[in-house]
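Visitor: sequence first, predicted model second:
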Amino acid sequence: MDQMTFKHDTVLSDVHMHRPNTHHLMTRLNSAGQPVFRSRFRILADSHDDSDSGTGSANEEKHKSPRKDGGTSPEQDEEGGNQGNVEPCLDEDGDLDVTHRPRKSSVDEDGRDLVCPIILQQSVPDLDQDEDSDDDDNDDDEETCSKDIIQIEHTMATPLEDVGKQVWRGALLLADFILSEKDTFRGATVLELGAGTGLTSIIMATTAKTVYCTDVGEDLLRLCHRNIFLNQHMTDPAGGEVKVKQLNWLQHSLCTDADLEFSWTEAEVADLYDNTNFIIAADVCYDNDLTDGLFRTLYRLCSSFIHSCTVFISLEKRMNFSLRHMDICCEAYNHFKHCLSQLQDIEDGRCRFKVEHVPLNFSQFLLYERIEQLDLWKITASPLESEQTQSDSD
C-alpha cells in the first residue's frame, strides 16, 4: 500500500495529498474491498485572530522573518546602501553583471508563493511522529487520544461515487467556522446533510446538543459510526450526541423501517421537525443532479419546520477546462449559485429564504490550506405562517 494506483475515474482529496505518512496507517478493508486509513487532525489554539483568511498573518510573518541562510532581506539591503563608490561590473557585452545572492534550494524559495506557508509547516512534523509512534496501538487510540486530536478513518483515491469516504477542505472550513462560533451552536439540534466521514458532525457535537449525521449507503454510514466511536473523548465531555441516520436527497420521506440499519424512529423524526435549529453541509455540490436534490431537500425540510432555521453550506470551487465554453470555468459552482438564487426567489406563501455570503475572516483551528476557492454561504429560512400569526396577534 506504499504506492497509490490511479485510474481514469480516481479522485484524491488535496487533504490527503498533503499528509504523506497517512498511507502507513491503513487499518482494515471495508465491505467494498477498499483500504481504510486513519488520519489525525490536531485542533489548534485560537492563534490566528489577526488574519483575514488564515493566510494574512502568515504571509506578513514570512516577509518579516530573518533569512535562515544568514543573509539579509531586500529591505535591509536597501537601507544599508552601497558602501563607497564601487566600479560596476560589466559582462563581455558591456551589460551590467548582477551577482545574485546564493539561495538554498527549497520549496518556499523557488519564486512561487505558497498559499499558506506558516499553516503548512505548523505542527505537521510532530503530528506525523505521533502517528508513527502509535501505529502499533491503533486499537487503543480512542482511550489514549488527546482531547485536541480528532481521528478520522477514511479511504483514499476513490471513484467519484465514493468521494464521501474522503475528507475534503470544505469540511475543514466548516469545522473552523463551528469552532469559532461555538456560542451560536451551543445546545442546538443540528442536521448535517451529506456528512461523509462525519468529521463536521463530530466537531459540531462538541457544542451542540444533538447532531443528526446523515448520508446514504450502509458502508459510508458505518464509517461515520466508527469515527464517532473513535472520537467519544471529544463529544462525551461536551454532552453532545451524534446520531447516524440515512437521508437520501432523492427520496421525499425519511426511512423509518425498523428492520433497516440507520433508520429513523418516530421520536427522532418528530425531534428533527420540531427542534432543528441548524442544517449544515460541506463540499456536497460537485454534481448538478445532487445539487438539485440538496436544494429540494432543504426546501422540503425548511418549509415543514414550524420555526426559523439557518443553513450553512461550505464548498470549494473546482476549476476545469470546459469544451462548451472553451475556457476555464467552474460549472458545478455556477449551478450552485443558480440554485441559491432560485431558492431566494421562491414566493409560495410557505417560507421565505434569505441568502448571505459569509466572509472567511474567522480563525483557523485545523491544518489545511484555506485557499481562495473555498466558500461559505448562509441561508436563513423563515416560515411565513409564523410571521403571519405574529402580525395577527399584534
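Guide: Yep, that arrived.
Visitor: host element of the nearest residue to H225 once chain neighbours are set aside?
Guide: In space, and not counting its chain neighbours, H225 is closest to V244: 4.8 Å by C-beta to C-beta, 6 or more residues apart in numbering. To be clear about C-beta, it is placed using only N, CA and C from the backbone, and glycine gets the same treatment. For V244, the host element (DSSP states H and E) is strand 241-246.
Visitor: next secondary structure after that strand?
Guide: For strand 241-246, the following helix or strand on the C-terminal side (DSSP H and E) is helix 266-275.
Visitor: mind listing what's buried along that following helix?
Guide: E268, D271, L272 (16 or more other C-beta atoms under 10 Å).
Visitor: out of those, which is nearest to Y333?
Guide: Among these, L272 lies closest to Y333 (C-beta to C-beta), at 29.1 Å.
Visitor: correct me if wrong: that closest one contacts Y212.
Guide: Yes: with contact defined as C-beta atoms under 8 Å, L272 reaches Y212; the gap is 6.3 Å.
Visitor: between those two, which contacts overlap?
Guide: Common contacts of L272 and Y212 (C-beta atoms under 8 Å, 6 or more residues apart in numbering): T189, L191.
Visitor: can I take it that I228 is in a helix?
Guide: Yes: counting by DSSP: H, G, I helix; E, B strand; the rest coil, I228 is located in a helix.
Visitor: quick one: it from E331, how far?
Guide: 34 Å (C-beta to C-beta, to the nearest Å).
Visitor: more neighbours: which of those two?
Guide: Using other C-beta atoms under 10 Å, the more surrounded residue of I228 and E331 is I228, with 21 against 14.
Visitor: surely D287 is in contact with E331?
Guide: No: assessed by C-beta under 8 Å, D287 is found out of contact with E331, at 10.5 Å.
Visitor: what does the strand holding V244 contact?
Guide: Residues contacting strand 241-246 (C-beta under 8 Å, 6+ apart): 195, 198, 201-202, 205, 209-216, 221, 224-225, 228, 235, 254-255, 260, 262-264, 268.
Visitor: and the longest helix along the chain with helix 266-275, angle?
Guide: Taking DSSP state H as the criterion, the chain has its longest helix at helix 288-304. Relative orientation of helix 288-304 versus helix 266-275 (axes from the mean of the first three to the mean of the last three C-alpha atoms, to 10 degrees): 80 degrees.
Visitor: could you point out which element follows helix 288-304?
Guide: Per DSSP H and E, the first helix or strand lying C-terminal to helix 288-304 is strand 309-316.
Visitor: that following strand - which strands sit beside it in the sheet, and in what orientation?
Guide: The pairing partners recorded for strand 309-316 under DSSP bridges are strand 276-282 (parallel), strand 374-383 (antiparallel).
Visitor: same list (those strands) but as TSV, adding distance to S303.
Guide: Shown next, in TSV, are the strands paired with strand 309-316 (distance: least, C-beta to C-beta, whole Å):
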stretch	distance to S303
strand 276-282	13
strand 374-383	7
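Visitor: hey, which of the ones you listed is tucked in deepest?
Guide: Mean neighbour count (mean count of other C-beta atoms under 10 Å) peaks for strand 276-282 among the strands paired with strand 309-316, with a mean of 23.
Visitor: run through who's touching that strand.
Guide: Contacts for strand 276-282 (C-beta under 8 Å, 6+ apart): 168, 170-171, 173-174, 178, 185, 188-194, 196, 200, 204, 208, 212, 294, 298, 301-302, 305, 309-315.
Visitor: distance of the residue nearest to T297 when sequence neighbours are not counted relative to A195?
Guide: Distances taken as C-beta to C-beta, 6+ apart place W249 nearest to T297, at 4.6 Å, with adjacent residues excluded. Computed with C-beta to C-beta, the distance linking W249 and A195 is 12 Å.
Visitor: more neighbours, the two?
Guide: Applying other C-beta under 10 Å to W249 and A195 shows that A195 carries more neighbours, namely 32 against 22.
Visitor: buried set for the longest helix of the chain?
Guide: T291, D292, G293, L294, F295, T297, L298, Y299, L301, C302, S303.
Visitor: and it, what does it pack onto?
Guide: Of the remaining helices and strands, those touching helix 288-304 by 3 or more C-beta pairs under 8 Å, 6 or more residues apart in numbering; DSSP states H and E are strand 276-282, strand 309-316, helix 331-344, strand 351-357, strand 374-383.
Visitor: just want the angle from the longest one to strand 351-357.
Guide: Think helix 331-344. Using the same axes, to 10 degrees: helix 331-344 against strand 351-357 is 140 degrees.
Visitor: cool, the second one as well?
Guide: Using the same axes, to 10 degrees, the direction of strand 309-316 lies 40 degrees away from that of strand 351-357.
Visitor: pretty sure R222 is in a helix, no?
Guide: Yes: counting by three-state DSSP, R222 falls inside a helix.
Visitor: how far away is it from E385?
Guide: 39 Å.
Visitor: how about D162?
Guide: Distance, D162 to E385, using C-beta to C-beta: 41 Å.
Visitor: same deal with W377?
Guide: In this view, W377 and E385 are 25 Å apart by C-beta to C-beta.
Visitor: next: L12.
Guide: In terms of C-beta to C-beta, L12 sits 47 Å off from E385.
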